[in-house]
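Below is the structure, and that's it, no one-letter string:
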Ligand SMILES: O=P(O)(O)OC[C@H]1O[C@H](O[C@H]2O[C@H](CO)[C@@H](O)[C@H](O)[C@H]2O)[C@H](O)[C@@H](O)[C@@H]1O
């Protein structure tokens, strides 16, 4: 069994050694597909000449920026040649995000802009459209900078597989840790190389790269055209999904979240992933798809492989349904995700949002466990990712980190340091942080000259005014309070290497995260780890200032200094608190925070998800109609004859008679049904209950000619015991009346806006029917809105609105067919007439599933023979099915009644 870990970027990519260009020399041999061109003497090239802030002292030599004059070790690899996975939330330090895709000198350039996007070309308005988009801030593909000779150079260049600097470091670290701990044996990554590949089309080299990735690195390479990748990643992911998932509200005039041509590229890339998976999948394999880049993949794979075990995990936030519903392709995205057997989120808030969004937009039933689709159930859960303390510990103790610590100790002697490393995009809240720091210095003159904010800011492809705004604030703060010996803000608009990063986290007095939204934030975990005092005992247990909008906050129980990044006063106060907190208080908080980090490791997350997926899959698989065996009548007859006390719980419409809409006058029960029930009741060992959504009076009328029959009405809210004329109201009347008062005006409101719809009120439920509506589609939208309103308004009242076929029903959560059946069973068991040793439940609907589940879980000790039978087409908890519908059920009951005589 192989686990396919599907993520947009593979952990490895290709480095080309071009003539006259620096040679990269991390692990792996250089390969050459075609004959090498003559290599001239290589000029000395220095990459990434990070200007140092720190004045080197003769006695302390800072680690040098590596050059490529000679074969150099990978500057980001450790001694074993293993490349360090840099901070989980941001990617590698060498990853200049703006130039990452198609911008590296040692990888081909993109053909993305040639020809122009179809939608633009089709309208014949290329220039005009481009200008218009430009005015709106949309980044258009840059002019083509490659040529045929460019392609030839790459096609004949030597190449090697190297560790990639793009992608989700948290995921990779978690997979590595799980594998190291022996919890993950066979796995294969599926992803792209994170570089343009059009230039390699038709070359042997492309095939060789694909083969090497597969055979030597267990990685399946997904190739897509540069145009598809660019439209998918730079546009649809970055301009539409990323902002919307992080609450950059599309109503904002600057929002780019409109429906545009990039959707089709998103579809194409997802399809390329799905095709690759389908081609390589074998029965029993697990497909685990990651993050917002690949939302459609689970659905696409499910279409081709209905049996596949598919998990999906969203690493970023999932917004409230009010924000998500602004996406033009909202349905498609949700349906794509629901192709999985298990959908996972970082924290409960995102899970809640997703369940609510599905219920509102897709009009499906959402329970706390997941989503009930027509033909299957999708489990939904949350489990927070974490870091890998073992490998982090190793890196933290490396010589380079210690060197940098010394440098910084010297440079910032006597200063208190607040540190941060963020992507410079709006959602990370760097602007808010700087403004809060400015306010802090204004309010607390005593801290001027003694505190420094070190902000590392990584550029992004997002061209925005944010860059300028942030630089202005930095200049303003520095010009207000700096002097020759002091600079209050050190602002690095570039990345730092891994050793510097770990040194920064170790020497800090506080880490400040002010994300406006963030899926998780593992930088804070790494910081807490580095604050254990093992390298710098005098700098330990530093404070964590953390936005309440970062997913991580939900793990920390407010032991961090929790802030709302928009509340500058609160943030400024948190800085003061962090700096002035007593050592005891810092220690107390750190221990609790560190405990949470140690408990939620990446490896734990990884294995927990796969275990949950296994359970979800087997549960769901068991319920798939095709895998539930046909009811064997001889077998049931055998059990029936062995038993002394029997209970039958039989659904009415759809099971004992053909189904009729609840609003219609109840059909007269066919004589055959009544006769069979009477035959069954001739045997004194039998007790028979019929359960229905109908009102008590209706059931009484229908079954008046079946004396001694027990009845369960209104889906479990009323029970009439067999041999009794009295109804017992199971539900709490006051509670019912209270929520009905809240629901009534909501129903009336939507009724007025849905011509042709009608409301049906029962004792314990309300139903909004729209099968007679003039415009069914509009009515379905109104009904789903109505259900959301009811669910919001009555959240605390133990009632829920559920979409049904052309209606929604609002009914209590605590009284169901299951609770009624259970009560009947318990009362009979307590009656002193001996245990029930035969229980048969037959039904066809959603409500009956709960009864099946209850009956199956009773176990042999409680009831020797429990038979649960489903005759619907849905996935089911029942242990058997009948395929001939009502007639099949009646035949079975008839045979049982006949078998009584022979007992
Ligand atoms: O920038 P992208 O290539 O689109 O990827 C988005 C980010 O993905 C990763 O971060 C996300 O996952 C982290 C681990 O689960 C989580 O802590 C974080 O909040 C998420 O945003 C990746 O680590 C980042 O570098 C990417 O920017």
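Nice, thanks for sending it over. Just so it is clear, the model here is predicted, and its values are computed rather than measured. Numbering: from 1, shown residues only.

May I ask which helix or strand of the chain has the lowest mean pLDDT?
Sorting the helices and strands of the chain by mean pLDDT, DSSP states H and E puts helix 118-122 at the bottom, at a mean of 39.

OK, contacts around residue 896?
Contact partners of residue 896, counting by C-beta atoms under 8 Å, 6 or more residues apart in numbering, are 636-637, 640, 680. C-beta here means a position set from N, CA and C on the backbone, and glycine is covered the same way.

which one of those is nearest the ligand?
Nearest to the ligand, judged by C-beta to the nearest ligand atom, of the contacts of residue 896 is residue 636 at 50.5 Å.

residues in contact with the closest one?
Going by C-beta under 8 Å, 6+ apart, residue 636 touches 840, 867, 892, 896.

repeat that for 6 Å
residue 867 (C-beta atoms under 6 Å, 6 or more residues apart in numbering).

before we move on, back to that, filter the contacts of residue 896 to keep only those in contact with the ligand.
Among those, proximity to the ligand is found for none (C-beta under 6 Å from any ligand atom).

In CSV: these, plus pLDDT, secondary structure and distance to residue 106.
As requested, these are exported to CSV (pLDDT from 0 to 100; DSSP: H, G, I helix; E, B strand; the rest coil; distance: C-beta to C-beta, whole Å):
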residue, pLDDT, secondary structure, distance to residue 106
636, 96, helix, 71
637, 96, helix, 75
640, 97, helix, 76
680, 97, helix, 80
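
Next, the buried residues of stretch 530-545.
By neighbour count with 16 or more other C-beta atoms under 10 Å, stretch 530-545 contains the buried residues 530-532, 535-536, 539-545.

Flag every residue of the stretch 401-550 of the chain that's near the ligand.
Going by C-beta under 6 Å from any ligand atom, the residues of the stretch 401-550 of the chain near the ligand are 518-522.

circling back to that earlier point, quick one: which of the buried residues of stretch 530-545 is nearest residue 700?
Nearest to residue 700 among the buried residues of stretch 530-545: residue 544, at 65.0 Å, using C-beta to C-beta.

Where does the prediction get shaky in the stretch 51-200 of the chain?
51-101, 113-147 (pLDDT under 70).

Which element, helix or strand, includes whatever residue of it ends up closest to the ligand?
When scored by C-beta to the nearest ligand atom, the stretch 51-200 of the chain has residue 170 as its residue closest to the ligand, at 3.3 Å. Element membership for residue 170, per DSSP states H and E: helix 169-180.

Please list the residues of the stretch 151-300 of the chain that sit near the ligand.
Taking C-beta under 6 Å from any ligand atom as the criterion, the stretch 151-300 of the chain approaches the ligand at residues 168-170, 237.

Repeat the analysis, applying 5 Å as the threshold.
Residues of the stretch 151-300 of the chain found near the ligand (C-beta under 5 Å from any ligand atom) are 168, 170.

if I look at the closest residue to residue 561 other than its chain neighbours, how far off is the ligand?
Leaving out its chain neighbours, the residue that sits closest to residue 561 by C-beta to C-beta, 6 or more residues apart in numbering is residue 574, at 4.2 Å. Counting by C-beta to the nearest ligand atom, to the nearest Å, the separation of residue 574 from the ligand is 21 Å.

contacting residues around residue 574?
545, 561, 563.

which residues touch the last one?
Counting by C-beta under 6 Å, 6+ apart, residue 563 touches 545, 547, 570-571, 574.

Give me the subset of the residues you listed lying in helices.
570-571, 574 (DSSP state H).

pLDDT for these - can I get that in CSV?
Conversion of the ones in helices among the contacts of residue 563 to CSV gives the following (pLDDT from 0 to 100):
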residue, pLDDT
570, 98
571, 98
574, 98
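
Just name the closest of those to residue 391, please.
Once C-beta to C-beta is applied, the member of the ones in helices among the contacts of residue 563 that ends up nearest residue 391 is residue 574, at 30.9 Å.

which stretches of the stretch 301-450 of the chain form strands?
Ranges of strands within the stretch 301-450 of the chain are 309-313, 342-345, 365-366, 370-372, 377-382, 416-423, based on DSSP state E, counting those that start in this stretch.

ok, now the stretch 701-850 of the chain?
Using DSSP E, counting those that start in this stretch, strands in the stretch 701-850 of the chain cover 710-713, 718-720, 727-729, 758-761, 766-769, 799-804, 807-812, 838-843.

What's the per-residue pLDDT of the residue nearest to residue 396 when sequence neighbours are not counted here?
Counting by C-beta to C-beta, 6+ apart, residue 502 is the residue found nearest to residue 396 once chain neighbours are left out, at 5.1 Å. With respect to pLDDT, residue 502 scores 97.

my read is residue 502 is in a helix, agree?
Yes - assessed with DSSP: H, G, I helix; E, B strand; the rest coil, residue 502 lies in a helix.
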